[in-house]
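**Student:** Next comes the sequence, and after it the predicted model I'd like to discuss.
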Amino acid sequence: EPEVTQTPSHQVTQMGQEVILRCVPISNHLYFYWYRQILGQKVEFLVSFYNNEISEKSEIFDDQFSVERPDGSNFTLKIRSTKLEDSAMYFCASSEPGGPLQPQHFGDGTRLSIL
Amino acid sequence: AQSVTQLGSHVSVSEGALVLLRCNYSSSVPPYLFWYVQYPNQGLQLLLKYTSAATLVKGINGFEAEFKKSETSFHLTKPSAHMSDAAEYFCAVSAQGASTDKLIFGTGTRLQVFP
């Protein structure tokens, strides 16, 4: 069964450094998402992306965050200047066209640790 | 605005016993509702979804959930727990007819199954 793949599984970065989290969505999917889960808290929506542009972003997704689909297969989340509070598990998800009727398929996540 | 509330951060059952995980939702528009499961060190896997077709929804691994509008509930049940059901379970909501299909998650319920 096709999967959403995320790399790396664990990223350790110094505060203030830039980090790029990578995702390979399922190949025929057109909608892409990033969520995050701070340890012990709920999974939170960050951003959705369709047709090479952001569809919606949450309050968390400030100017330090950006997303990109640099080629036909990768979907990336960049944090320009990381803060301690950015430490979390970051999940990528993708779905087929059809809106909420189509389930979002999640990757296994990247655990980001900011030192 | 939409939200979900999961009552009970931890639920423990014996193998073979009924599993009941509670989820109540709040939505100003008809909701789509989802249950996801997260096994250790893995991503979120869709168990089942309610999209207004039928109020009783059957999912994978013997789980089902019933949408009760009068109670604003979408509780997850399984008649007989198995050791392999031990995981974290998340209820989520998105809005029908919305321009975006972001998922709003609950805080999760960790299910323990004892032999």
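**Tutor:** Ah, there it is.

**Student:** For the spatially most central residue of chain B, give me its contacts.
**Tutor:** When C-alpha atoms, centre = their mean is applied to chain B, the residue found nearest the centroid is residue B:35 (3.3 Å). Shown in contact with residue B:35 (C-beta atoms under 8 Å, 6 or more residues apart in numbering or on different chains): B:21, B:23, B:46-49, B:59, B:63, B:65, B:74, B:76, B:89-92. For glycine as for every other residue, the C-beta is placed from the backbone atoms N, C-alpha and C.

**Student:** mind redoing it with 6 Å?
**Tutor:** Shown in contact with residue B:35 (C-beta atoms under 6 Å, 6 or more residues apart in numbering or on different chains): B:47, B:48, B:65, B:76, B:91.

**Student:** Just send these back as CSV, with distance to residue A:5, neighbour count and secondary structure too.
**Tutor:** Shown next, in CSV, are the contacts of residue B:35 (distance: C-beta to C-beta, whole Å; neighbours: other C-beta atoms under 10 Å in any protein chain shown; DSSP: H, G, I helix; E, B strand; the rest coil):
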residue, distance to residue A:5, neighbour count, secondary structure
B:47, 21, 23, strand
B:48, 24, 20, strand
B:65, 29, 26, strand
B:76, 28, 24, strand
B:91, 26, 28, strand
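
**Student:** of the residues you listed, closest to residue A:53?
**Tutor:** Relative to residue A:53, the closest of the contacts of residue B:35 is residue B:91; by C-beta to C-beta it sits at 29.8 Å.

**Student:** So what's the predicted local confidence for the closest one?
**Tutor:** Residue B:91 carries a pLDDT value of 96.

**Student:** For it, list each beta-bridge partner.
**Tutor:** With DSSP bridges applied, residue B:91 shows beta-bridge pairing to residue B:35.

**Student:** Does it touch residue B:107 like I think?
**Tutor:** No - with contact defined as C-beta atoms under 6 Å, residue B:91 does not reach residue B:107; the gap is 9.2 Å.
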